[in-house]
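In: Starting from these lines, generate the structure:
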Amino acid sequence: MASKKEMIAELVSLGVEEAEIKGLKNAELEAMLAKIKAESFPADEAHVEEPAQEPVAEHPKEERSTERKVVRETSHQMGIYSDYIYNVRNRNATVVIENLGYGDIYYSEDGLAVVGKSKRLIFGQTTELEGVEKICFVSASQPVLQILEVL
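Out: Below you'll find the predicted structure:
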């Protein structure tokens, strides 16, 4: 049997307002949870609930000898159909490009980027470029671009 806090958290994750369930008793919470699960996951579908994983403690970055160092970080929100040219400031740096959202980004290391023809980064996607001096970006929307220079 789950604790009251766990049941409330699970109900909230399933879309129930926390204010509606805050004063309910354990039996009422269990009944509501069972009803919502039955509606969400019909009996003809096999649903296996995975156990929650414990967060893994990470060692601080300073303790890692193989960790690369970010020497420059910048973010830019693209304009609709506007070009953005980024000049790499640190020689021999690996450039990490990440699309933080709100549309697709097209980029080129060889000249102006063209929507639909150049290399494409979709939301959440990251790429690394080595040995580049200039990167050209373009977008048909207004995505947010993050650029890291790493040594």
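In: Could you use CA atoms for every contact and neighbour count after this?
Out: Fine.
In: Now G103: closest residue in space, sequence neighbours ignored.
Out: P143 (4.7 Å; CA to CA, 6 or more residues apart in numbering).
In: how close does A31 sit to Q77?
Out: 47 Å (CA to CA, to the nearest Å).
In: Of the two, give the one with the bigger neighbour count.
Out: Remark: of A31 and Q77, Q77 carries more neighbours, 16 against 11, as counted by other CA atoms under 10 Å.
In: what sits opposite the more buried one in the beta ladder?
Out: According to DSSP bridges, the partner residues bridging Q77 are V144.
In: isn't it right next to L145, touching?
Out: Yes - the pair Q77 / L145 is scored as a contact, 6.1 Å apart, by CA atoms under 8 Å.
In: Give me the domain ranges for this protein.
Out: Per automatic domain parsing, the structural domains of the chain span 4-40, 70-150.
In: Make JSON lines from those and add mean pLDDT to it.
Out: What follows is the domains of the chain, written out as JSON lines (pLDDT from 0 to 100):
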{"stretch": "domain 4-40", "mean pLDDT": "79"}
{"stretch": "domain 70-150", "mean pLDDT": "94"}
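In: Mind telling me what element M32 is part of?
Out: Element membership for M32, per DSSP states H and E: helix 26-40.
In: Remind me what that helix packs against, helices and strands.
Out: helix 4-13 (3 or more CA pairs under 8 Å, 6 or more residues apart in numbering; DSSP states H and E).
In: for the helix it packs on, which positions count as buried?
Out: By neighbour count with 16 or more other CA atoms under 10 Å, helix 4-13 contains the buried residues K4, M7, I8, L11.
In: gap between the following helix or strand past it and the chain center?
Out: Counting by DSSP H and E, the element after helix 4-13 in chain order, helix or strand, is helix 18-21. Its chain's C-alpha centre and that of helix 18-21 lie 29 Å apart, by CA atoms, centre = their mean, to the nearest Å.
In: Could you check helix 18-21 and say which residues are buried?
Out: I21.
In: From the rest of the structure, what touches that helix?
Out: Here helix 18-21 makes contact (CA atoms under 8 Å, 6 or more residues apart in numbering) with I8, L11, V12, L29.
In: And for stretch 72-90?
Out: 71, 95, 112-113, 132-150.
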